[in-house]
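> Build me a structure from this.
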Amino acid sequence: MTLTELGWNDAFEREFAPFAKKGWKPARLIRDNKITYGALLEGGEEYEVIMSGKVYHDAECDAELPAVGDWVALEIGTGDLDTVIRARLSRQTCFSRKTPGKSTEEQVMAANVDIVCVVTDADTDFNLRRMERYFALIGRSRAKAIVMVNKSDLFPEEQNEEAAAAIREIAPDAEVLITSAVDGQNVTAIEQHLEPGISITFVGSSGVGKSSLINALLGEEWQDEGEVNEVTGKGRHTTTARELIVLEQGGILIDNPGIREVQMWTDETTLRERFADIEELAAQCQFHDCKHGSDKGCAIRAAVENGERSQERYEGYLKLDEEIARLKKRLKKRKMTVERRNKRDHRVKARNLADRIDHERELKPDADDFR
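Take a look at the predicted model:
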């Protein structure tokens, strides 16, 4: 197994050059065990590694800590010494969301991925507003989007086709496939993307069949599958941690635990790109500061009223716009709080240093006393 097959490229090679002079080895993280990590080196050798104190303290937030998919510089331990992550290379792509809840932290779901594959179905899991959220996050990550409308064997063909068409309408640049791990429908279509060094991460709600699809691609029972509920058609999801899998035929898969909340971690620019149709209408509003509510001359509201745009997509846009604005405000507040805390800590350290110097001077005899 070569580094290129693991996703290595010239940009990583250039960044790693100073670390190579220290005798450190490049490795890709394939597993996060909370305290330790699984790391894969050239040749397929796997190590259990720990993070150095410097890497931990240099990270300004949890999102800057090593994550599955990251490339790192390892100092290989000998004897009883641990193998240690001495540095994390810059991420070329990063698929992440806001940590669930009221926090303002970013949660990295997969680093350095080329494709994000969202798995859903045409029935109970189908939700266009959630898909819009996924596409906003994928847009920010700079990865390509693929959607699998899975478990097609459980639902009528017309229902599957309608779901796929609705997704294509809101994301024309995404590849949308109707799939079934049971009868193999379109499962092989994803294989055309599985080239050496290409990384694909699978995301979606619990029970939509991500593990079944991965097993079908691997040709073995890599992930355990739960029993299927006869009413909902969903299985008990068993993936509990992110894991990177290198395929023998080429390509890299990263499985993720089921996602309950697709929390926004993006910016206004990405949102505008994902809702280009809404933005085009906004430019036609009578007033440049139109709030797109009850304002006079609102082109978006007019398009909704005459049926050119759906009320649901319009409301989804407003909701995401408001959510991103709240996140931006909270991030700014958090930054100000951190800056104030750092200034306070700096003043305290300076005062303690001055007090210690004064105390040492009081204890040290004056040279004039001995003349």
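
> worst-scoring helix or strand of the protein, pLDDT-wise?
helix 268-274 (a mean of 60; mean pLDDT, DSSP states H and E).

> which is the next helix or strand following that helix?
For helix 268-274, the following helix or strand on the C-terminal side (DSSP states H and E) is helix 276-282.

> For the helix or strand that that following helix is followed by, the averaged confidence score.
On the C-terminal side of helix 276-282, the closest following helix or strand by DSSP H and E is helix 299-305. The average pLDDT for helix 299-305 rounds to 82.

> ranges for the strands of the stretch 1-150 of the chain?
25-32, 37-41, 46-51, 71-75, 83-88, 94-98, 106-111, 115-121, 144-150 (DSSP state E, counting those that start in this stretch).

> what's the angle between the first one and strand 83-88?
If you take axes from the mean of the first three to the mean of the last three C-alpha atoms, to 10 degrees, strand 25-32 sits at 100 degrees to strand 83-88.

> between strand 25-32 and strand 37-41, how big is the angle?
140 degrees.

> Could you list every helix and strand that strand 25-32 packs against?
helix 10-20, strand 37-41, strand 46-51, strand 71-75, strand 243-246 (3 or more C-beta pairs under 8 Å, 6 or more residues apart in numbering; DSSP states H and E). C-beta here means a position set from N, CA and C on the backbone, and glycine is covered the same way.

> Tabulate those in a markdown table, adding columns for mean pLDDT, mean neighbour count and distance to Ile357.
Shown next, in a markdown table, are the helices and strands packed on strand 25-32 (pLDDT from 0 to 100; neighbours: other C-beta atoms under 10 Å; distance: least, C-beta to C-beta, whole Å):
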| stretch | mean pLDDT | mean neighbour count | distance to Ile357 |
| --- | --- | --- | --- |
| helix 10-20 | 97 | 13 | 38 |
| strand 37-41 | 95 | 21 | 43 |
| strand 46-51 | 94 | 16 | 36 |
| strand 71-75 | 97 | 22 | 38 |
| strand 243-246 | 89 | 20 | 52 |
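
> Out of these, flag the one nearest Glu64.
Minimum separation from Glu64 across the helices and strands packed on strand 25-32 (C-beta to C-beta) falls at strand 46-51, 11.6 Å.

> where's the closest one relative to the chain centroid, distance-wise?
22 Å (C-alpha atoms, centre = their mean, to the nearest Å).

> Let me know the pLDDT of the residue nearest to Ile50 when sequence neighbours are not counted.
Of all residues not flanking Ile50 in the chain, Asp82 sits nearest, at 5.1 Å (C-beta to C-beta, 6 or more residues apart in numbering). Looking at Asp82, its pLDDT reads 93.

> How many residues are close by Asp82?
Residue neighbour count, defined by other C-beta atoms under 10 Å, stands at 14 for Asp82.

> ok, now the one 4 residues further on?
Applying the criterion other C-beta under 10 Å, we find 18 residues in the vicinity of Arg86.

> That one touches Glu75, doesn't it?
Yes: the pair Arg86 / Glu75 is scored as a contact, 5.1 Å apart, by C-beta atoms under 8 Å.

> Report the set of residues contacting both of those two.
22, 24 (C-beta atoms under 8 Å, 6 or more residues apart in numbering).

> ok so, going back, CSV for the strands of the stretch 1-150 of the chain, including distance to Thr4?
What follows is these, written out as CSV (distance: least, C-beta to C-beta, whole Å):
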stretch, distance to Thr4
strand 25-32, 11
strand 37-41, 13
strand 46-51, 18
strand 71-75, 12
strand 83-88, 20
strand 94-98, 21
strand 106-111, 18
strand 115-121, 17
strand 144-150, 19
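
> of the ones you listed, which approaches Ala11 most closely?
strand 71-75 (10.1 Å).

> how about the helices in the stretch 51-200 of the chain?
Along the stretch 51-200 of the chain, counting by DSSP state H, counting those that start in this stretch, helices occupy 53-58, 128-141, 157-170.

> With mean pLDDT and distance to Gln284 added, can I get those helices in TSV?
As requested, these are exported to TSV (pLDDT from 0 to 100; distance: least, C-beta to C-beta, whole Å):
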stretch	mean pLDDT	distance to Gln284
helix 53-58	91	48
helix 128-141	86	22
helix 157-170	94	20
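
> deepest of the ones you listed, which one?
helix 128-141 (a mean of 22; mean count of other C-beta atoms under 10 Å).

> what residue ranges in the stretch 101-250 of the chain score low on pLDDT?
Low-confidence segments of the stretch 101-250 of the chain, defined by pLDDT under 70: 101-104, 220-241.

> hmm, 50 instead?
224-240 (pLDDT under 50).

> Arg313 contacts Ile170, doesn't it?
Yes: counting by C-beta under 8 Å, Arg313 touches Ile170, with 6.9 Å between them.

> the domain parsing of the chain - what is it?
Taking automatic domain parsing as the criterion, the chain consists of the domains 4-88, 94-255, 268-320.

> okay, these, which one's buried deepest?
Among the domains of the chain, the stretch with the highest mean neighbour count (mean count of other C-beta under 10 Å) is domain 94-255, at a mean of 19.
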